[in-house]
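**Student:** Structure, please.
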Amino acid sequence: MTDKSSEIIALNVGGVRFETTRQTLTKYGNSVLGRMFAGTTTLPPAMVLKGGEYFIDRNPDRFRVILDYLRDGELCVDTSNKDALTGLLLDARFFQLADLEIKVADSIVRAKGEETLRIKRIAEEVANCLQMKNTASNLVKINVSGRIFQTEKATLCKGTNSILADMVEGTYNGTKYDEHGNIFLDEDASAFATLLCYLRTYPKGTFYDYLDDHLPLGFATQMARKFKIIDHGQYIEIDMP
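**Tutor:** Now for the predicted structure:
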């Protein structure tokens, strides 16, 4: 007797020709393909074309994956492609391949989870970039006699009617800039460093009336008055490290 299981079956699926064995098609006996080609059930095979091919009106790309699954028992598809998986799930249900349906459904769940994580990572990266951009836009560099100071814009804009604040805001006509576009001050750098420490604690800092101006607080006080950060007759004091 001829072994029918090794018989080659030609299929036309959505206009694409496939060739496989009856054994492959009947691997899962309870599936649609298994019952169609077992030869022992009442479910007749698909329509036969003139060339002897059995015609099945399904998507050929998805059927190729199903045929590979029948051959190897493995899901050979890009499991990150949700659209492809969704279509494959429909065909797994159509052909009543329960094990394949479970594998595809699990892959869809994983793909959705990975997509959610990917979107979350992108959102975090965008947020970090925006934060870095905002942080960078709020930082100001000032060249004080060749020494570069960098601080937040808000720090330099403290005080009412401050000329230094107007310089930072770009509303002061007498502002000078170095070759890098930094605000340039022809002032004592040590005194400015002391003034900057004061501004960072402002308005918690208090004014004291010193009898004499000891450096660098003396120069810092003069500079603070010059830039109208404090009024004439007021002095600054900060907690020195």
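**Student:** C-alpha from now on. contacts and neighbour counts both.
**Tutor:** OK.
**Student:** Can you give the distance of the helix or strand where residue 127 lies from its chain's centre?
**Tutor:** Assessed by DSSP states H and E, residue 127 sits inside helix 98-137. On the basis of C-alpha atoms, centre = their mean, to the nearest Å, helix 98-137 is displaced by 8 Å from the centre of the chain it belongs to.
**Student:** In it, which residues are buried?
**Tutor:** Neighbour-count burial for helix 98-137, with 16 or more other C-alpha atoms under 10 Å as criterion, is recorded at 100, 101, 104, 105, 107, 108, 111.
**Student:** now stretch 22-31
**Tutor:** In stretch 22-31, counting by 16+ other C-alpha under 10 Å, buried: 22, 23, 24, 25, 26, 27, 28, 31.
**Student:** picking up where we left off before, immediately after the helix holding residue 127, which helix or strand?
**Tutor:** By DSSP H and E, the next helix or strand past helix 98-137 is strand 139-144.
**Student:** Sheet partners, orientation included, of the helix or strand following that following strand?
**Tutor:** Sequence order places strand 147-152 as the next helix or strand after strand 139-144, per DSSP H and E. Partners of strand 147-152 in the sheet, by DSSP bridges, are strand 139-144 (antiparallel).
**Student:** Name the surrounding residues that touch the partner strand.
**Tutor:** 148-153, 168, 178, 182-189, 192 (C-alpha atoms under 8 Å, 6 or more residues apart in numbering).
**Student:** Can I get the helix or strand residue 222 falls within as PDB, trimmed to CA atoms?
**Tutor:** Take DSSP H and E as the rule and residue 222 turns out to sit in helix 217-226. Extracted C-alpha coordinates of helix 217-226, given in PDB (Å, rounded to 0.1, in the frame of the first residue of the first chain):
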ATOM      1  CA  LEU A 217      33.400  92.300  51.500                       C
ATOM      2  CA  GLY A 218      34.300  96.000  51.000                       C
ATOM      3  CA  PHE A 219      34.700  95.700  47.200                       C
ATOM      4  CA  ALA A 220      31.700  93.400  47.000                       C
ATOM      5  CA  THR A 221      29.600  96.000  48.800                       C
ATOM      6  CA  GLN A 222      30.800  98.700  46.400                       C
ATOM      7  CA  MET A 223      30.000  96.500  43.500                       C
ATOM      8  CA  ALA A 224      26.500  95.700  44.900                       C
ATOM      9  CA  ARG A 225      25.900  99.400  45.300                       C
ATOM     10  CA  LYS A 226      27.200 100.100  41.800                       C
END
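**Student:** And the residue positioned nearest the centre of the chain, how close does it get to residue 116?
**Tutor:** Nearest residue to the geometric centre of the chain (C-alpha atoms, centre = their mean): residue 122, 1.0 Å. As defined by C-alpha to C-alpha, to the nearest Å, residue 122 lies at a distance of 10 Å from residue 116.
**Student:** Now the common contact residues for the two.
**Tutor:** With C-alpha under 8 Å, 6+ apart, residue 122 and residue 116 have no common neighbours.
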